[in-house]
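Asker: Below: sequence and its predicted model.
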Amino acid sequence: MPTNFPRPGSQQWFGLAKETTYGTPVATPTMWIPVDSPKWEPKVTPLVDQALRGMMGTDYGQAQGMRHDELSYKTMIYADTIFPHLMAILGGTDTMTGTTPTVTHAVSLNNTSSSTLAGQPSSYTGFLYQLDGKVVQIPGMVISDLKITFKADTLPTVDATWIGLPGAFITAPTNTPSTLPPMPPFTATITVGGVAATQYSDCSFDIKRSTAPVAVLNGTQSPLAIFAGPLSVSGSLLAIYQGTADTDLAALLSNTQPTLSVALYQQGDATHPLTLQCSKIAYDSAAPAGSNTSFATIATSFKALMNSTDALDGKLSPIQAKIINAQSTAY
């Protein structure tokens, strides 16, 4: 077989592990996440020599500056891997209540400053298989963007973007893919202002952190760390338009700031839901739209506001995430 024979991209896989010490890579994954279209990119800063030499060119040489790595992918909502994603972006501790088989794990924004964290989330090591017996092992990863999308006619999806320290190629550990099916959309329940709503066909939450590699003169191309800045939550809703009494339109016009909660279940298991709760959302837009081929809809956008109800640390958070399962140890 030719050495440059095409390698099937379908054989890629992704693993993840939470780090004990920031930037110290974990040897093997502790979870395997089914992913769609993973993209790993080493981000090397090019430093171009453009000093004048009495000629008509511009670029005479190029050196390399700092390097960090970026990794993005799409996945579905799986009961065994969705909560670690939420832990990674929110950064709070796993607040556990109850006993097996119904243990509630809850997390909100980490506001705590300490000698080691200073409001930062925990870091993770990523492992992306490179189709040749090697994985790229990326330490010090934090999530910069986590978008969760619910649609009535497709599987709920998660789009994750991680920023990490420079990766290294290591021998691939044994791939142990999850066997759990994704959570289906028809189990989703949405409440607005504490009232169950059945008019929505789409709902999304976009959780973002401003992240940046910290450049230092340390004798290597690696930054000191990946800084995770303040967090924001925005989202969208698409509904069947209810006319001038439409609840979304009314909330925009009166600046009502209701709660929004979405719960999702594994098919056939209504006792172990995933719940995303924003106890105070502000509507930014609400646009009704007619159609000569279908029913009228209203598309809205919102932002989640910091509030004390969603905070588990006695401070403020724009969102709280919960999952109920049989796991008796903290994430």
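Answerer: Alright, I've got the coordinates.
Asker: Check what pLDDT residue 3 gets.
Answerer: Here the pLDDT value assigned to residue 3 is 71.
Asker: Show me the beta-bridge partners of the residue nearest the centre of the chain.
Answerer: By CA atoms, centre = their mean, the mean C-alpha position of the chain lies nearest to residue 146, the distance being 2.4 Å. Residue 146 forms beta bridges with residue 160, residue 207, as assigned by DSSP bridges.
Asker: Go ahead and confirm it touches residue 157.
Answerer: No - judged on CB atoms under 8 Å, residue 146 makes no contact with residue 157 at a distance of 11.2 Å. For every residue, glycine as well, the C-beta is placed using N, CA and C.
Asker: that's a strand at residue 10, yeah?
Answerer: No - assessed with DSSP: H, G, I helix; E, B strand; the rest coil, residue 10 is helix; it does not lie in a strand.
Asker: Pull up the gap between it and residue 316, please.
Answerer: Relative to residue 316, residue 10 is positioned 44 Å away (CB to CB, to the nearest Å).
Asker: Could you give the number of residues near residue 244?
Answerer: For residue 244, the neighbour count with other CB atoms under 10 Å is 9.
Asker: Can you classify it as helix, strand or coil?
Answerer: helix.
Asker: Just the pLDDT for it.
Answerer: Reported pLDDT at residue 244 in the predicted model: 96.
Asker: Quick check: end-to-end length of stretch 284-303?
Answerer: Distance across stretch 284-303, first residue to last, is 7 Å (CA to CA, to the nearest Å).
Asker: how about that stretch: buried residues?
Answerer: Within stretch 284-303, the residues that qualify as buried are 286, 288, 297-303, counting by 16 or more other CB atoms under 10 Å.
Asker: could the residues you listed go into TSV alongside secondary structure?
Answerer: Listed next are the buried residues of stretch 284-303 as TSV, based on three-state DSSP:
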residue	secondary structure
286	strand
288	strand
297	strand
298	strand
299	strand
300	strand
301	strand
302	strand
303	strand
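Asker: which one of the residues you listed sits closest to residue 110?
Answerer: Out of these, the one with the shortest distance to residue 110 is residue 303. That distance is 19.7 Å, counting by CB to CB.
Asker: All the strands of the stretch 1-150 of the chain, residue numbers only.
Answerer: Secondary structure of the stretch 1-150 of the chain (DSSP state E, counting those that start in this stretch): strands at 14-18, 31-32, 36-49, 61-76, 95-97, 103-108, 124-129, 134-151.
Asker: Burial-wise, tell me which of these comes out on top.
Answerer: Scoring the strands of the stretch 1-150 of the chain by mean neighbour count under mean count of other CB atoms under 10 Å gives strand 124-129 as the most buried, with a mean of 24.
Asker: returning to what we had before: so residue 10 and residue 316 - more neighbours on which side?
Answerer: residue 316 (16 against 7).
Asker: number of nearby residues for residue 111?
Answerer: Residue 111 has 16 neighbours, counted by other CB under 10 Å.
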